[in-house]
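Novice: Predicted structure and sequence below. I'll ask about it afterward.
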Amino acid sequence: MKNLGAEIRSWAGSIGAAIVCALLIGIFVIQPTKVMGHSMDPTLHDQQRIFISKLSHTFRYEPKYGDIVIIDSRVDRSRTLMDDIEEHPLISLFTGEGENEIIYVKRVIGKPGDALEFKDHKVYRNGEALDEPYLNETMNYSSNEKLVVPEGHIFVMGDNRNNSKDSRSIGFIPLDHVLGIKL
């Protein structure tokens, strides 16, 4: 009986260590996620599983133009480490919460200091029309406003421009709201 108790404690310790490692890896290094909706069609599809590198979020570095990023769309509030923990897929197994509707998958269009314009069915960055071969239809959105991306923020859009809730409606994305970059 003594050996059985020691064996159970050994297994419990190993399982506990594995769970802690999975949490740490998922919060700080790499995490699977699911695309919800059609805003990234045709590049990514509804319910498609993707992996994201969390290193940009962990070390607070700026994504590159064209990167597909995962963002927290609640741009009017600050993020904390607790947000990262609560959004981890392993935690949602225990809490019973499903995929998070505040997490968006989008493409980086503008970085700090960029001037963006939307005219002639195209996006212009710093006066130059973007070459966007990933789009499958002409963008219907236009605006007379010139937007300048503030320091510490990015501007994101979905590839399905006519069916995407993105920076045009939610505003500039603080860099700490960029949760990762698609691998």
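Specialist: Received, thanks. Numbers count the residues shown, from 1 in each chain.

Novice: any idea which helix or strand carries the spatially most central residue of the chain?
Specialist: For the chain, the residue nearest the mean C-alpha position is Ile70 (0.7 Å; CA atoms, centre = their mean). Per DSSP states H and E: Ile70 is located in strand 68-72.

Novice: Tell me which other helices or strands that strand touches.
Specialist: Packing partners of strand 68-72 (3 or more CB pairs under 8 Å, 6 or more residues apart in numbering; DSSP states H and E): strand 103-110, strand 153-157, strand 178-182. No exception for glycine: its C-beta is placed from N, CA and C like everyone else's.

Novice: Show me the helices in this structure, by range?
Specialist: Counting by DSSP state H, the chain has helices at residues 2-28, 55-59, 81-86, 89-95, 167-170.

Novice: coming back round to it: would you give the sheet partners of the strand holding Ile70, along with the direction of each?
Specialist: strand 103-110 (antiparallel), strand 178-182 (antiparallel) (DSSP bridges).

Novice: Turn these into TSV, columns for distance to Ile85 and mean pLDDT.
Specialist: Output for the strands paired with strand 68-72, formatted as TSV (distance: least, CB to CB, whole Å; pLDDT from 0 to 100):
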stretch	distance to Ile85	mean pLDDT
strand 103-110	14	96
strand 178-182	12	95
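
Novice: Nearest to Gly26, out of those?
Specialist: Each of the strands paired with strand 68-72 has some distance to Gly26 by CB to CB; the shortest is strand 178-182, at 10.3 Å.
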